[in-house]
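1. Return a 3D structure for these sequence lines:
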Amino acid sequence: KPYVAFMEGVTRGGGFGISVHGSHRVATDRTLFAMPETGIGLFPDVGGGWFLPRLGPPLGMWLALTGERLKGGDVCSAGIATNFCESNVVEAVKASVCEGELGLLEAMDWDEAAGFEKHIDEIQRCFWKPTVEDTFLALEAEPGEWAKKQLEVLKTKSPRTLKVTHRQLTLGLQAQTF
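-> Model (predicted):
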């Protein structure tokens with residue numbers, strides 16, 4: 001049976017954990033995704049350790065360590081959502097899904113260009129390192145304002161929490177089953 005999760009509005013932490021396991025994960029233009037746990041001394045839970053590294057290890061690690069927010073189509077481009085729906089038609093799409101029709105849902109598409117994609121090379125170079133300290137060093141060596149901003153964000157987080165999250169995602173990628 002399909003498991004359809006509509007990520008309408010704020011989808012953070014536990015909301016992510018409930019929706020991310022759906023066969024159909026629908027983002028809208030009002031979706032705001034984040035895994036903010038490192039900002040409150042925690043680590044990603046409810047499947048985040050499994051799912052985030054599978055987005056592409058550096059992308060998932062960047063999202064988990066920084067708590068960066070993604071909106072709408074960016075959630076789809078990252079692989080967090082499988083489908084996109086404009087919020088003005090979301091009720092009609094939900095109704096069609098409740099009637100057992102996934103066709104309307106499958107027909108919707110999103111703008112393929114994500115805001116984070118212009119920094120994907122920096123994410124790759126800096127966020128899939130063997131240790132958090134190596135991530136800090138890579139960001140310090142990286143030219144440009146984006147890397148400086150990421151470093152500033154990481155410095156506001158608990159060092160222990162960053163290390164636990166880093167290890168969680170590293171081991172999560174190695175896990176064979178869920």
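
2. Now do the strands in this protein.
-> When secondary structure is read from DSSP state E, the chain shows strands at 4-7, 10-12, 24-28, 32-34, 70-71, 83-85.

3. Give me the sheet partners of the shortest one and which way each runs.
-> This means strand 70-71. Using DSSP bridges, the strands paired with strand 70-71 are strand 32-34 (antiparallel).

4. ok, residues contacting the strand it pairs with?
-> Contacts of strand 32-34 from elsewhere in the structure, counted by C-beta atoms under 8 Å, 6 or more residues apart in numbering, are 7, 9-13, 16, 27, 63, 67-71, 74-75, 80. All C-beta spots, glycine's among them, are computed from the backbone N, C-alpha and C.

5. Indicate which one of the strands of the chain is closest to residue 175.
-> With distances scored as C-beta to C-beta, the stretch of the strands of the chain nearest to residue 175 is strand 24-28 (20.5 Å).

6. Parallel or antiparallel, which strands does that closest one pair with?
-> Applying DSSP bridges to the sheet, strand 24-28 is found paired with strand 4-7 (parallel), strand 83-85 (parallel).

7. could you redo those strands as CSV and give each row mean neighbour count, distance to residue 23 and mean pLDDT?
-> Converted to CSV, the strands paired with strand 24-28 look like this (neighbours: other C-beta atoms under 10 Å; distance: least, C-beta to C-beta, whole Å; pLDDT from 0 to 100):
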stretch, mean neighbour count, distance to residue 23, mean pLDDT
strand 4-7, 23, 7, 90
strand 83-85, 23, 10, 87
